[in-house]
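Enquirer: Predicted model and sequence below, questions to follow.
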Amino acid sequence: NAGVTQTPKFQVLKTGQSMTLQCAQDMNHNSMYWYRQDPGMGLRLIYYSASEGTTDKGEVPNGYNVSRLNKREFSLRLESAAPSQTSVYFCASKKLQGNTEAFFGQGTRLTVV
Amino acid sequence: AQKVTQAQTEISVVEKEDVTLDCVYETRDTTYYLFWYKQPPSGELVFLIRRNSFDEQNEISGRYSWNFQKSTSSFNFTITASQVVDSAVYFCALSESPSYNQGGKLIFGQGTELSVKP
């Protein structure tokens, strides 16, 4: 029972490089989310996909793009990484109904130098 | 707009003390859902509890209890007789109903770092 799987777990990028964070869930959930966690800032929503075929901006979308590839997969792309994007990134999924909890991946620790 | 505020950034207590973590939320939706998560030092996010906006019953689970008050838009979390293993960052979160505005959005507060010393 894998739940939510994020890859990679760790990544170091140089400023200006691009990369894609992958997220997959096997719980047949409709909604998927990308968050970043920075000290003192909590979990801030970058983008989310309420259901397959839709994506919406969250609180801090600048510098990121997302793709809801299918119901299982939701990827986050950094086109030109900046040091300000150094963070821990979490992917989450949940059923669309509001009264269900979200399940989280283990996180990706990204450092941009 | 949706917003969750956890004003307490850090709390430090001695083992066996009771501690309350505050959570205040804002929403214009009439149906919404509140959650608490725990993030231990290992980094994973652990779901603790959910509450629907139309269910104001308080809940107790072992040493944990939750006080939901719509009148003050608060959903506070109390740990009774705290233990060292309770040391973690605790997050409060809010989700509006799927049919409202940007339905499906799940917003977190800034988190409260609880340190329980022996």
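Expert: Received, thanks.
Enquirer: Quick one: neighbours of residue A:57, just the number.
Expert: Look at residue A:57: counted by other C-beta atoms under 10 Å in any protein chain shown, it has 15 neighbours. Using the backbone N, CA and C atoms, a C-beta is placed for each residue, glycine as well.
Enquirer: now it, nearest residue through space, not along the chain?
Expert: Excluding the flanking residues, the one nearest residue A:57 by C-beta to C-beta, 6 or more residues apart in numbering or on different chains is residue A:47, at 6.0 Å.
Enquirer: What parts of chain B come near chain A?
Expert: Of all the residues in chain B, those in contact range of chain A (C-beta under 8 Å from any C-beta of the partner chain) are B:6, B:9, B:31-33, B:35, B:43-45, B:47, B:50, B:52, B:91, B:93, B:95-98, B:102-111.
Enquirer: What remains of those residues if I keep only buried residues?
Expert: Buried subset of those (neighbour count, 16 or more other C-beta atoms under 10 Å in any protein chain shown): B:6, B:32-33, B:35, B:45, B:50, B:91, B:93, B:95-98, B:103-111.
Enquirer: Out of these, list just those in helices.
Expert: Among these, the subset assigned to helices under DSSP state H is empty.
Enquirer: Show me what residue 94 bridges to in the sheet.
Expert: Just going to use chain A. Using DSSP bridges, the bridge partners assigned to residue A:94 are residue A:31.
Enquirer: was after chain B, sorry
Expert: Beta-bridge pairing for residue B:94 (DSSP bridges): residue B:34, residue B:107.
Enquirer: Quick one: neighbours of it, just the number.
Expert: Residues lying near residue B:94 (other C-beta under 10 Å) number 25.
Enquirer: can I assume it is in contact with residue B:32?
Expert: Yes. Using C-beta atoms under 8 Å as the test, residue B:94 is close enough to residue B:32 to be in contact (6.2 Å).
Enquirer: what sits in contact with each of those two?
Expert: residue B:25 (C-beta atoms under 8 Å, 6 or more residues apart in numbering or on different chains).
Enquirer: Please tell me how far the closest residue to residue B:30 other than its chain neighbours sits from residue B:106.
Expert: Excluding its sequence neighbours, the residue lying closest to residue B:30 (C-beta to C-beta, 6+ apart) is residue B:53, at 7.0 Å. As judged by C-beta to C-beta, to the nearest Å, residue B:53 and residue B:106 stand 15 Å apart.
Enquirer: And for residue B:17?
Expert: Per C-beta to C-beta, residue B:17 is found 31 Å from residue B:106.
Enquirer: give me the beta-bridge partners of the residue lying closest to residue B:5 once chain neighbours are set aside?
Expert: Of all residues not flanking residue B:5 in the chain, residue B:24 sits nearest, at 4.7 Å (C-beta to C-beta, 6+ apart). Beta-bridge pairing for residue B:24 (DSSP bridges): residue B:5, residue B:74.
Enquirer: Look at residue B:24 and report its pLDDT.
Expert: In the prediction, the pLDDT value recorded for residue B:24 is 98.
Enquirer: For the nearest residue to residue A:108 once chain neighbours are set aside, give me its contacts.
Expert: Leaving aside its sequence neighbours, residue A:108 sits nearest to residue A:89 (C-beta to C-beta, 6+ apart; 4.6 Å). If you count contacts by C-beta under 8 Å, 6+ apart, residue A:89 has them with A:6, A:21, A:34, A:35, A:36, A:37, A:46, A:76, A:107, A:108, A:110.
Enquirer: for residue A:77, same thing?
Expert: Residues in contact with residue A:77 (C-beta under 8 Å, 6+ apart) are A:18, A:19, A:20, A:21, A:64, A:65, A:66, A:67.
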